[in-house]
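Visitor: coords please:
(2 chains)
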Number of protein chains: 2
Amino acid sequence: MFHGKVKAVAFDADDTLWVNEPFFDRAKADIAEMMSAYVPAVDFMKILEQTQSRNIGVFGYGVKSFVISMIEAANIVAPGRIKSSELERIIEIGRSMLTNPVEPIAGIEEVLRTLGREYELLMITKGDVAEQQRKISLSGMSVYFDHIEILTEKDEAAYERILHKHSIRHDEFLMVGNSVKSDILPVVGIGGSAVHIPFHTTWVHEVVCEDDLCGREYVEISKAGELLPLLMSL
Amino acid sequence: MFHGKVKAVAFDADDTLWVNEPFFDRAKADIAEMMSAYVPAVDFMKILEQTQSRNIGVFGYGVKSFVISMIEAANIVAPGRIKSSELERIIEIGRSMLTNPVEPIAGIEEVLRTLGREYELLMITKGDVAEQQRKISLSGMSVYFDHIEILTEKDEAAYERILHKHSIRHDEFLMVGNSVKSDILPVVGIGGSAVHIPFHTTWVHEVVCEDDLCGREYVEISKAGELLPLLMSL
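Guide: Got it, this is the predicted structure:
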């Protein structure tokens, strides 16, 4: 099932170790509802997604970029009509997303504790570095990991660099995550193993077409707790 | 003049290696002028500074935080009256700050090239990591440095960690930068040496009171080129 004897297990962070995307979804829904005074929520969502896509290259990932995109989208759908309180609310939602407590994925800490006895553990995440650092710190989960890597992009080259840096052989490496695009395909692509744990929402920018999956082998499980019997069975 | 035989020379990046603050100053002046339709520029600047101070803890440093603060300040001085084109202009200024070419400080590359032959060179900067990485990459200056560190805060503990990480003795360490608060005081505080190269503008959050300087010894020069004769004279 996996390439060799797994020695190092790496975990994605957002929506694998802790809840992330639902906070963005809730913020979008709140603002779309607020903006429904001007346009139907579904239209606002569409404009927001287009704005986010356009902005990612320049403003990057994370809450601040999201706030700017929400303001820009609001300004597109209701030019010159946005109320002061509406602008305030968008900024306030961003502020609360950056000060929210971190909500661990159910059962994840028990999995990390158990795996840590036998495997080298890595956290490999991407996004705004300050935001990731805040969540790592608040989660208290850094104690479980031998190495923590915050990346700009999770592509094959980035995984190659990490394996090289920590002297991990490709066939001894297993990546666990919720994003097929960032956590599964590039790892399988360089000869590592991967376990996909789908999260109930996936960001539209992380969705890959079915065709990209052709011939790529990886395991899919429904929750982190299933990782233990899976690894024990090897 | 310095504590011991200097072996490692570290450089701050923003406004030491390349121009930074003037881009923020120009953006503030542009937006203050735009907002002068509602309030005198000086009042807008005051509100903007208060907003930035309040936001730094949550939104952090960098252009995206700056854009959000500008929008918030505009919303405070002209509630419900900001034009669509004005909101757009604020976001557009942020976008251009993030895509601007990097402008090296005059003479700095010659200094780095020369010092690199004799000293271990470090770049120690703080701020939004993605923005710093962009500037490092665009500047082409990473070739001159043995180590590059991007920090959240430049305090004594952070400098201690860096010296420990790279096995540099305190009395062999010299820091060069434009900020007394971030580049000079904490380094002198842990027993290192420091050279201050004042930049013609200093961000208001980086200004320290005269009293903090009492009893702190460091050297001040007017431009990077003076570093060479200073170090040669040791």
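Visitor: where does chain A have low pLDDT?
Guide: Under the criterion pLDDT under 70, the flagged ranges of chain A are A:1-4, A:201-216, A:234.
Visitor: ranges for the strands of chain A?
Guide: A:8-11, A:120-126, A:147-151, A:173-177, A:193-196, A:219-220 (DSSP state E).
Visitor: tell me the most buried of those?
Guide: Most buried of the strands of chain A by mean neighbour count (mean count of other C-beta atoms under 10 Å in any protein chain shown) is strand A:173-177; its value is a mean of 27. C-beta coordinates here come from the backbone N, C-alpha and C atoms, glycine included.
Visitor: Strand partners (parallel or antiparallel) of that one?
Guide: For strand A:173-177, the paired strands and their directions (DSSP bridges) read strand A:8-11 (parallel), strand A:193-196 (parallel).
Visitor: contacting residues for A:Lys64?
Guide: Going by C-beta atoms under 8 Å, 6 or more residues apart in numbering or on different chains, A:Lys64 touches A:Gly94, A:Asp128, B:Phe59, B:Gly60, B:Lys64, B:Ser65, B:Ile68.
Visitor: What residues does chain A have near chain B?
Guide: Residues of chain A lying close to chain B by C-beta under 8 Å from any C-beta of the partner chain are A:58-60, A:64-65, A:67-68, A:71-72, A:75, A:79-80, A:82-84, A:87-88, A:91, A:94-95, A:98-99, A:128-130, A:133, A:150, A:152.
Visitor: which of those are buried?
Guide: A:58-60, A:64-65, A:67-68, A:71-72, A:75, A:82, A:87, A:91, A:94-95, A:98, A:128-130, A:150, A:152 (16 or more other C-beta atoms under 10 Å in any protein chain shown).
Visitor: Looking at these, which are in helices?
Guide: A:58-59, A:64-65, A:67-68, A:71-72, A:75, A:87, A:91, A:94-95, A:129-130 (DSSP state H).
Visitor: which one of those is nearest A:Ile168?
Guide: A:Ile168 lies nearest to A:Val129 out of those, by C-beta to C-beta, at 22.7 Å.
Visitor: Quick check: closest non-adjacent residue to that closest one.
Guide: B:Val129 (3.7 Å; C-beta to C-beta, 6 or more residues apart in numbering or on different chains).
Visitor: Show the contacting residues for that neighbour.
Guide: Counting by C-beta under 8 Å, 6+ apart, the residues that B:Val129 touches are A:Asp128, A:Val129, A:Ala130, A:Ile150, B:Ile150.
Visitor: Now distance to A:Val188 too, for the residues you listed, in TSV please.
Guide: Shown next, in TSV, are the contacts of B:Val129 (distance: C-beta to C-beta, whole Å):
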residue	distance to A:Val188
A:Asp128	27
A:Val129	26
A:Ala130	31
A:Ile150	22
B:Ile150	31
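Visitor: Am I right that A:Ala194 is in contact with A:Leu174?
Guide: Yes. Between A:Ala194 and A:Leu174 a contact is recorded at 6.9 Å, counting by C-beta atoms under 8 Å.
Visitor: mind listing the helices for chain A?
Guide: A:21-34, A:41-59, A:63-77, A:84-97, A:108-116, A:129-139, A:156-165, A:185-189, A:227-232.
Visitor: deepest of those, which one?
Guide: helix A:63-77 (a mean of 24).
Visitor: Wait, A:Thr51 touches A:Glu72, no?
Guide: Yes. Counting by C-beta under 8 Å, A:Glu72 is a contact partner of A:Thr51 at 5.1 Å.
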